[in-house]
Structures are given as structure tokens and as C-alpha cells.
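# okay, here's the prediction I keep looking at, along with the sequence it came from:
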Amino acid sequence: MSYQLEVVKFRDLVEALSIPRFVPGLDPPAIEIKGEDFRSVERVIINGQNAPEFIIINQKTIYAQIPGSIQRIQSVEMLSSNFTRSTIASKLSYELGPKTRKVEGILKLIQLFTKWLLQTPGSDIFNPERGGGLLALVGSMGTGRSMDTIIGSVSRAVQSTVSQMRSAQINVSGLPLSEQLLSADITDFDIFERQMEARIKVLVTSMAGNEAVTALEL
């Protein structure tokens, strides 16, 4: 079995059911967050900023410190230490972090697929043809093109990446079936013009039949 250093992190988004109150008597101030199961939470993000500290009080309750620059709570996200293997939701980030980690199997495959999908052709002088070009494509989405045209362009970027990876993997001997790409299909696609943001979910399937979702916010 081969390994690869994890540089694309996929983590479950844990749902918050309610934020009933500010926790009394705490300084700096903190909010109480209620949900179904917080046992795997490793990061709390408030208004896009990491909470400096948080405490898992019990399975359904977290106290999270509010970052000092925030005056009003607009959004709260909680990331699990788990990796999404369903179409529910995941958060993706590029980082090595303080602790390095080796990945294999479907996680290695979806990491490689995501890197190739975002890569702009010509950016790698050793492999100038490589890349689905999605990152450059997203940068041009606000130019008045129709939704059908944009979806078609994104679909071509995904299928181009599939074709490139399958061609490259043909010549790799001993590659496990769980790390060989079978298919990738867009399952969800939304554009938010005011935020200048695109959200895309792609279901990646390996030759072994494993499935995983890369949920991109660009």
C-alpha cells in the first residue's frame, strides 16, 4: 500500500441545531452551541474565524470562545476529525498544519483528483497539459455568462480531469483499486453572485467501488 502526505484536508461539517445563549460568567465571552453529536469536533469557526478556545461540555453541547474582533455572530461552523464518505457535506482546505498525516486509499484518490481538477494547464512545466482548469474557470464566472454555459464548462473540467487521471494511472503498476479512479460526477452546483462564490460537489468513485465527495467552495 502506498502513502501520500495529506495537503488537501476533507473534514465533516457538524450541524449546529441552535445557539441558545452567551455563556454567563465567562471572560472572554463564549457562546453555547447545541447539536446532536459533537464528540468528533476538532475546530469551531465563527464568522469565518477559528474560535480561540472551545470546550465539549457533553455530546450535545459546546462552549466556544468568540474571536475578539467579532461583534455579531453571523455564522458558526464545526469541523469534525472525520472524513466525509457521503453526499452530506465536507469542508476542504489546503494546509499541512502542525501535524503531518499520511493518507491512502479513497482519501489519497480524492485528494489527487481535487488537486488536478483545480490545477490550471501550463502551471506545471514538467506536465504542461495537466489540470482541469477549474480554479481559473471560477475566476471568470461573474462575466455574465448563462448558468447552462457555466455548468457545461465545469462539467468539462471534471471530465477532463477524469480522462487525464485514468490515462496516467494505466501505466502505474501495483496501484490499489481503491486509489484508481473510475468516475467523477457533479452532484450539486450553485453560484452566489453577491458573494462571488461557487459551491460544487463532486462524487468520486474508485475502481474498488469506494465513494467520497469533494465539496468545493470557490
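Sure, I can see it. The shown structure was predicted, so the numbers you read here are calculated from the model rather than taken from an experiment.

# tell me the phi and psi of A157?
Here is the backbone geometry of A157 (degrees, to the nearest 10): phi -60, psi -40.

# does the residue nearest to it when sequence neighbours are not counted count as helix, strand or coil?
Excluding its sequence neighbours, the residue lying closest to A157 (Cβ to Cβ, 6 or more residues apart in numbering) is G132, at 4.0 Å. Any C-beta I mention is one placed from the backbone N, CA and C, and that applies to glycine too. Assigned with DSSP: H, G, I helix; E, B strand; the rest coil, G132 falls in the coil class.

# number of nearby residues for G132?
28 (other Cβ atoms under 10 Å).

# might one say that it is in contact with L118?
Yes: applying Cβ atoms under 8 Å as the test, G132 and L118 come out as touching, 7.1 Å apart.

# need the contact list for the residue nearest to A157.
By Cβ atoms under 8 Å, 6 or more residues apart in numbering, the contact list for G132 reads 116-119, 157-158, 160-161, 164.

# repeat that for 7 Å
116-117, 119, 157-158, 160-161 (Cβ atoms under 7 Å, 6 or more residues apart in numbering).

# helices and strands around the strand ranked longest in the chain, which ones?
Criterion DSSP state E: the longest strand present in the chain is strand 181-192. Judged by 3 or more Cβ pairs under 7 Å, 6 or more residues apart in numbering; DSSP states H and E, the packing partners of strand 181-192 are helix 105-118, helix 147-170, strand 197-206.
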